[in-house]
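> Generate coordinates for the sequence data below:
(one chain, ligands or ions: 2)
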Amino acid sequence: MKRPVWIDSDAGIDDAMALLLATRLKDIELVGASAVAGNAVLDRTFRNVRDVLALAGRSDIPVFKGAEKPWIVPLATAPDAHGEDGLGGAVLPASPAKEETETAWDMLYEAACRYPHELTVVAIGPLTNIATAIVTYPDLAGLLKEVAIMGGAIIGGNRTPCAEFNILADPHAAQCVFKSGIPIAMFGLDVTHQMSLSEQEIEEIARTSSAGELLRTANAYIIPLYMRNGHGRQVFMHDSCPVMYLQYPELFKGKKAGVNVETRSGPGMGKTVSDLYVYADQLPLKNVTVMLEGDRDRMAALVKELLAEI
Ligand code: RIB
Ligand code: CA
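Ligands and ions are numbered 1, 2, ... in the order given. Predicted structure coming up:
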């Protein structure tokens, strides 16, 4: 039996690579996907998730629309990083699949009931949809096997000095997910900033994958942002980390800890506060495995192999 997986995304340039990879992992079955507003507005992220899955030949995977804005804070998209269209200007053929009309949280719950205690959720955007599902269906938290999240940073941030984009985008929803008690694998900037690809590696991948044009165009769009932030001519495989973890957990090392999210307005908003580096037990829940190390070279080699299959 393949591992049932649901992927929730604000597709997004790095989301696109993660979605493509998710369709190539032989031990997982993508039973559903959903779109959330984040990098771009919901209509765009919904279209992008559908079209990227179709590009990988998987227009059969149902994609559902979720939240068009965060729970409390205003929507703040990232056109500087992903473009208004969310894919850095890359143009994809439209998915032939009919547009689903049910909501993301209703269908996520339906999938959790279909696969009780087996369904893994991969959340690679703001956590609005996942949190809405948790509060709408109080038994959902007890039905999920795990939530693998790209988000947060125990040290540092990328949207502010102490907040990572996905968590800052909806800190109240993120706090709900972290406090739900669901086992969480957290891929924050602590590890995703180790998982880079050079321009040359992107070009090698683009040359050997039928998704090459998407990967070349989209990543060319985001590289100047990374350069402005002092990272050099490279990209980070942020969202591919929780996806690759599903099939290759040995790529990563982490530690169990508690994580809370700062939801108060101010310079600390969106901070993932953890007791990882303190000795006293300060946070009651230790439901989060905070990933701290990743094998970049091995992951880059696997990513090239898997994308060449498309
Ligand atoms: O901070 C990186 C995260 O924010 C990634 O998920 C990227 O797609 C953006 O949503
Ligand atoms: Ca994302």
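
> Tell me where this protein has helices.
Read by DSSP state H, the chain holds these helices, from start to end of the chain: 13-22, 42-55, 79-82, 104-114, 128-136, 140-143, 165-169, 171-178, 189-192, 199-208, 212-228, 240-247, 296-308.

> export the ones you listed to TSV and tack on mean pLDDT?
Below are the helices of the chain laid out as TSV (pLDDT from 0 to 100):
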stretch	mean pLDDT
helix 13-22	98
helix 42-55	98
helix 79-82	95
helix 104-114	98
helix 128-136	98
helix 140-143	98
helix 165-169	98
helix 171-178	98
helix 189-192	98
helix 199-208	96
helix 212-228	95
helix 240-247	98
helix 296-308	98
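
> Quick one: closest of the ones you listed to ligand 1.
When those are compared for distance to ligand 1 using C-beta to the nearest ligand atom, the nearest one is helix 165-169, at 3.5 Å. Yep, even glycine has a C-beta here, placed from its N, CA and C like the rest.

> Is there proximity between the closest one and ligand 1?
Yes - counting by C-beta under 6 Å from any ligand atom, contacts between helix 165-169 and ligand 1 involve 165-166.

> by contact count, what packs against that helix?
Secondary structure elements in contact with helix 165-169, counted by 3 or more C-beta pairs under 8 Å, 6 or more residues apart in numbering; DSSP states H and E, are absent; no helix or strand qualifies.

> hey, C-alpha coordinates of it in PDB?
What follows is helix 165-169, C-alpha atoms only, in PDB (Å, rounded to 0.1, in the frame of the first residue of the first chain):
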ATOM      1  CA  PHE A 165       7.100  33.800   4.700                       C
ATOM      2  CA  ASN A 166       4.600  30.900   5.200                       C
ATOM      3  CA  ILE A 167       4.300  31.400   8.900                       C
ATOM      4  CA  LEU A 168       4.200  35.200   8.800                       C
ATOM      5  CA  ALA A 169       1.500  35.000   6.000                       C
END
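
> Save the helices of the chain as TSV, and put in mean neighbour count and distance to P62 too.
Rendered in TSV, the data for these read as follows (neighbours: other C-beta atoms under 10 Å; distance: least, C-beta to C-beta, whole Å):
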stretch	mean neighbour count	distance to P62
helix 13-22	28	14
helix 42-55	24	10
helix 79-82	18	24
helix 104-114	20	7
helix 128-136	24	14
helix 140-143	17	18
helix 165-169	28	23
helix 171-178	25	22
helix 189-192	24	28
helix 199-208	16	28
helix 212-228	18	21
helix 240-247	25	18
helix 296-308	17	22
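
> could you dump these to a markdown table with distance to ligand 2?
Rendered in a markdown table, the data for those read as follows (distance: least, C-beta to the ion, whole Å):
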| stretch | distance to ligand 2 |
| --- | --- |
| helix 13-22 | 4 |
| helix 42-55 | 9 |
| helix 79-82 | 8 |
| helix 104-114 | 15 |
| helix 128-136 | 12 |
| helix 140-143 | 22 |
| helix 165-169 | 6 |
| helix 171-178 | 13 |
| helix 189-192 | 11 |
| helix 199-208 | 18 |
| helix 212-228 | 12 |
| helix 240-247 | 10 |
| helix 296-308 | 16 |
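
> Those helices: which one's closest to G89?
helix 212-228 (5.9 Å; C-beta to C-beta).

> Against which helices or strands is that closest one packed?
Packing contacts for helix 212-228, counted by 3+ C-beta pairs under 8 Å, 6+ apart, involve helix 13-22, helix 79-82, helix 199-208, strand 234-236.

> what about it and ligand 1, touching?
No - judged by C-beta under 6 Å from any ligand atom, helix 212-228 and ligand 1 are separated, with a smallest distance of 9.2 Å.

> ok now that helix, how far from the chain's centre?
Centroid displacement of helix 212-228 relative to its chain, using C-alpha atoms, centre = their mean, to the nearest Å, is 18 Å.

> pLDDT score for A257?
As summarised for this prediction, A257 has a pLDDT of 94.

> what's around it, how many residues?
A257 is surrounded by 20 other residues when neighbours are defined as other C-beta atoms under 10 Å.

> That one bridge partners, please.
Beta-bridge partners recorded for A257 (DSSP bridges): V288.

> tell me the contacts of it?
Taking C-beta atoms under 8 Å, 6 or more residues apart in numbering, we find A257 in contact with 274-276, 283, 286, 288, 290.

> what do you get for I202?
Remark: with contacts taken as C-beta under 8 Å, 6+ apart, I202 is in contact with 215-216, 219, 235.

> what's the spacing between it and Y245?
I202 sits 21 Å away from Y245 when distances are taken as C-beta to C-beta, to the nearest Å.

> cool, and E68?
Summarising the geometry, the distance separating E68 from Y245, computed by C-beta to C-beta, is 29 Å.

> again with L307
Computed with C-beta to C-beta, the distance linking L307 and Y245 is 17 Å.

> Quick check: the farthest pair among the contacts of A257?
The span of these, defined through C-beta to C-beta, is set by L283 and V290 at 11.6 Å.
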